[in-house]
Every structure is written in structure tokens, then in C-alpha cells.
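Engineer: Below is the structure, and that's it, no one-letter string:
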């Protein structure tokens, strides 16, 4: 079977669309408008103040829904900041855990992990060490 005379994949893809505007763009996402940035910042602040980051949302889409926006806007907002949402949320959770580790010295580390939104201790320990450079138990012992 000869490929001569066959449309290229690119040509076939383009023929699916009758107008240039309908073809999907594979370039960088467009920046958010200033009003959208302000709205997202307000929504995020409400979410942080209400400790919404403690919810064990497994997807950014679910977290965006809880925050009050859509995942595409959230992705763009954090891309503008040079970070990603998951890292931002992990930092909030670890800061919260650090406060709990000091305020509640007899509370088991696993319970604190669950209370700040992690669903398993190993992920919590991994994230904690990545952010602080030490394990939760060692951090607690050093700061008491």
C-alpha cells in the first residue's frame, strides 16, 4: 500500500475545521485579565482563611470547584505566579501541620496529616521533608 496521494495527518486534522478560529490552539495559554486575577486572588484568600486547603481533594478540578472558579483559570493563575496549585496547597498544608505539631505535642503525626488534608502518612512525610528538609517527627522534636 502506497502513502502517495494520501492526506497527511496535519491536513486531515485541519480539514475537520471549516474556520481557522475553530481549530484548537497548541500555543501558550492566554494571560488572565487583571479583573480575573483579582477575583481569583480574593477567592483564594477566602479559601485559605476558611482552611479549604484541608479538604482532601484529589484533583485540581475538584479544588477549583470548591474555591469558586474553574481549573483552567486556576492553572493560568498559578502559571503566572511561576508555581502550580498542588505545590501551593502542599505548602499551606505543611505550614498548618507545623503549627499543629507544636500546639498539640501529644497528637500523633498521622492524625495531623489527615487533619491538614493528606490521605496517607507516607505522602505527608514525603511532602513535609521536601518542604522543610526533615521529617515531621524530627521537626517537632527540634522545635519543642
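Structural biologist: Looks like it came in fine. Remember, it's a predicted structure, so these values are computed and weren't measured experimentally.

Engineer: what about residue 139, helix or strand, and which?
Structural biologist: For residue 139, the host element (DSSP states H and E) is helix 136-143.

Engineer: Residues in contact with stretch 106-125: which ones?
Structural biologist: Applying CB atoms under 8 Å, 6 or more residues apart in numbering, the set of residues contacting stretch 106-125 from outside is 53-58, 89, 93-94, 96-97, 100-101, 104, 127, 135-137, 140. For every residue, glycine as well, the C-beta is placed using N, CA and C.

Engineer: what comes into contact with the helix holding residue 139?
Structural biologist: Counting by CB under 8 Å, 6+ apart, the neighbours of helix 136-143 from elsewhere in the structure are 97-98, 101-102, 105, 109, 112-113, 124-125, 128, 132, 134.

Engineer: Break the protein down into its domains, please.
Structural biologist: 34-86, 88-143 (automatic domain parsing).

Engineer: Mind telling me which of these the model trusts least?
Structural biologist: Ranked by mean pLDDT, those end with domain 34-86 in last place, scoring a mean of 93.

Engineer: got the end-to-end distance for that one?
Structural biologist: Terminal residues of domain 34-86 lie 23 Å apart, using CA to CA, to the nearest Å.

Engineer: Check stretch 116-124 too.
Structural biologist: In stretch 116-124, first residue to last residue: 9 Å (CA to CA).

Engineer: buried set for it?
Structural biologist: For stretch 116-124, the neighbour count (16 or more other CB atoms under 10 Å) marks 116-118, 121, 124 as buried.

Engineer: helix or strand right after the longest helix belonging to the chain?
Structural biologist: Using DSSP state H, we find that the single longest helix of the chain is helix 85-103. Using DSSP H and E, the helix or strand that follows helix 85-103 towards the C-terminus is helix 109-115.
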